[in-house]
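**Q** here is a sequence with its predicted model. Questions after.
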Amino acid sequence: MANELEGKVAAVTGAASGIGLATTEAMIAAGAYVVLVDRDEAALARACERLGEAAVPLHIDLLDPDSCATLLPGVLERAGKLDILYANAGCYLGGDVAEADPAAIDRMLNLNVNAVIKNVRDVLPHMIERGTGDIVVTGSVAGHFPVSWEPVYSASKWAVNCFVQTVRRQVNTTGVRVGAVSPGPVVSPLLADWPAENLAKAKANGTLIEPQAVADAVMYMLTRPRNVTIRDMVVLPSAFDM
């Protein structure tokens, strides 16, 4: 995909690790200038130092409303425009809902749903005015299938999937494309919150994929002809039974 994103400016949330970092690397390899958005300043600094001049950090805590609102202004200050938003940041909460910590529920829903909606809402006018743009959101296979061991997480991803598809239809004549990539289990920091028995089983059965596989899917979505929208791409480990 050399130079297929030449001249494009992308912003990636949750960019300091996992899927976000893998996708950032792929975008830069394709010629994009990428603003890495994350709350982990140290990880951002390390990533940008390694990635070079095509990567610039933007420290944002998406759970803080004032900080969340600085995404577009921060990108425009650093790059002057925004062609691609990859709303990837998220967190995980599994287990029995009756035992869930209400504060953890709030945090997950605010990050997985509310921050995504706010980020998309903030960048849309800029993209619509320019008559072009791409918005990709990280969903999950849990947004397509009711996963019994993660009811709150699944609910957040069902909400995100609905949001993506309704916004896509609102803007599909403006030149802005909107879609979701929905991975199955990915080897990433998100799995740190998985129940230990589920993680051990997934590793033993080969039902995990690497972040680069999701990055490849995102790049495929971004590099289609402008009259083609990939509205949702589900990316699963071949041995994943769902």
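**A** The structure has been received and is ready for your questions.

**Q** switch to C-alpha atoms for all contacts and neighbour counts from now on
**A** Fine.

**Q** state the distance from A202 to A43.
**A** Between A202 and A43 the computed distance is 27 Å (C-alpha to C-alpha, to the nearest Å).

**Q** please apply the same query to V152.
**A** Taken as C-alpha to C-alpha, the span from V152 to A43 is 28 Å.

**Q** out of those two, which sits in the busier spot?
**A** For V152 versus A43, neighbours defined as other C-alpha atoms under 10 Å are more numerous around V152 (21 against 15).

**Q** which residues touch that one?
**A** L93, G94, V97, I105 (C-alpha atoms under 8 Å, 6 or more residues apart in numbering).

**Q** ok, 10 Å please
**A** Y92, L93, G94, G95, D96, V97, A100, I105, M108, L109, W158 (C-alpha atoms under 10 Å, 6 or more residues apart in numbering).

**Q** which of those residues fall in helices?
**A** Under the assignment DSSP state H, these contribute I105, M108, L109, W158 to helices.

**Q** does the last one really touch F145, like I thought?
**A** Yes. Under the criterion of C-alpha atoms under 10 Å, W158 makes contact with F145 at 8.6 Å.

**Q** for the longest strand along the chain, packing partners?
**A** Identified as the longest strand of the chain according to DSSP state E is strand 176-183. On a contact count with 3 or more C-alpha pairs under 10 Å, 6 or more residues apart in numbering; DSSP states H and E, strand 176-183 meets strand 84-87, helix 115-130, strand 133-138, helix 151-171, helix 211-222, strand 232-235.

**Q** what's the mean pLDDT across the third one?
**A** Read that as strand 133-138. In this model, strand 133-138 has an average pLDDT of 98.
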